[in-house]
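J.: Next come a sequence and a model predicted from it.
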Amino acid sequence: MAGKVVKSVAKAVGAYQYPWREKLAKHKDELAKGVWGYWELGAWKPLSISARHRARIRKEVLLAGEDWPYDPARKEMRTKRKGHKCDRTAAQKRAHTAELMEKMPQMLADYRKKRWQKKMKEEEDAKAED
């Protein structure tokens, strides 16, 4: 007889060990404020429910197969690899240098033309002063 009572009590306790629906309903507005806390009137307010209890309720809800909408949005993973910047930009620099080298004859011609025009202007100004 005592064995049957113990089994029925254990079964009842096991089924009702974590009443997550009631806990979730109780703390629903608090969980919606954020994971760690929230700003109110210029002051930081931590949640009234501890992180340990929040995590326990979250675990119970997820184990029951329900959705947990209170987690913050995850950031995108970094796609850039670590390393030295000079290694990453070396190819771009080489490509830019190749483009400039193709333009070099025209750039030199423009430079010579400007220098010649400047020289001619100086000579004209010198003749005008005489």
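T.: The structure has been received and is ready for your questions.
J.: CA atoms for contacts and neighbours, from now on please.
T.: Fine.
J.: State the number of residues packed around R58.
T.: Per other Cα atoms under 10 Å, the neighbour tally for R58 reads 20.
J.: For K45, which three-state class applies?
T.: Counting by DSSP: H, G, I helix; E, B strand; the rest coil, the backbone at K45 sits in strand.
J.: do you know how far it is from A73?
T.: Here the criterion is Cα to Cα, to the nearest Å. By it, K45 lies 21 Å from A73.
J.: Please apply the same query to K118.
T.: K118 is 63 Å from A73, by Cα to Cα.
J.: Give me the pLDDT value at the most centrally placed residue in the chain.
T.: Among the residues of the chain, the one closest to the centroid is K75, at 4.4 Å (Cα atoms, centre = their mean). Note on K75: pLDDT of 87.
J.: per the record, what domains does the protein have?
T.: Split into domains by automatic domain parsing, the chain comes to 13-63, 89-130.
J.: Sketch out the strands for this structure, chain order is fine.
T.: Assigned by DSSP state E, the chain shows strands spanning 37-40, 43-46.
J.: what are the pairing partners of the last one, and which direction each?
T.: Looking at strand 43-46 with DSSP bridges, its partner strands are strand 37-40 (antiparallel).
J.: Would you mind listing the outside residues contacting the partner strand?
T.: W44, K45, P46, L47 (Cα atoms under 8 Å, 6 or more residues apart in numbering).
J.: out of those, which are buried?
T.: Listed as buried from those are L47; burial here means 16 or more other Cα atoms under 10 Å.
J.: quick one: which of the contacts of strand 37-40 is nearest T97?
T.: T97 has its nearest neighbour among the contacts of strand 37-40 in W44, at 53.0 Å by Cα to Cα.
J.: want to try JSON lines for the contacts of strand 37-40, with pLDDT and distance to H96 as columns?
T.: JSON lines is the format used below for the contacts of strand 37-40 (pLDDT from 0 to 100; distance: Cα to Cα, whole Å):
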{"residue": "W44", "pLDDT": "88", "distance to H96": "50"}
{"residue": "K45", "pLDDT": "86", "distance to H96": "53"}
{"residue": "P46", "pLDDT": "86", "distance to H96": "53"}
{"residue": "L47", "pLDDT": "82", "distance to H96": "54"}
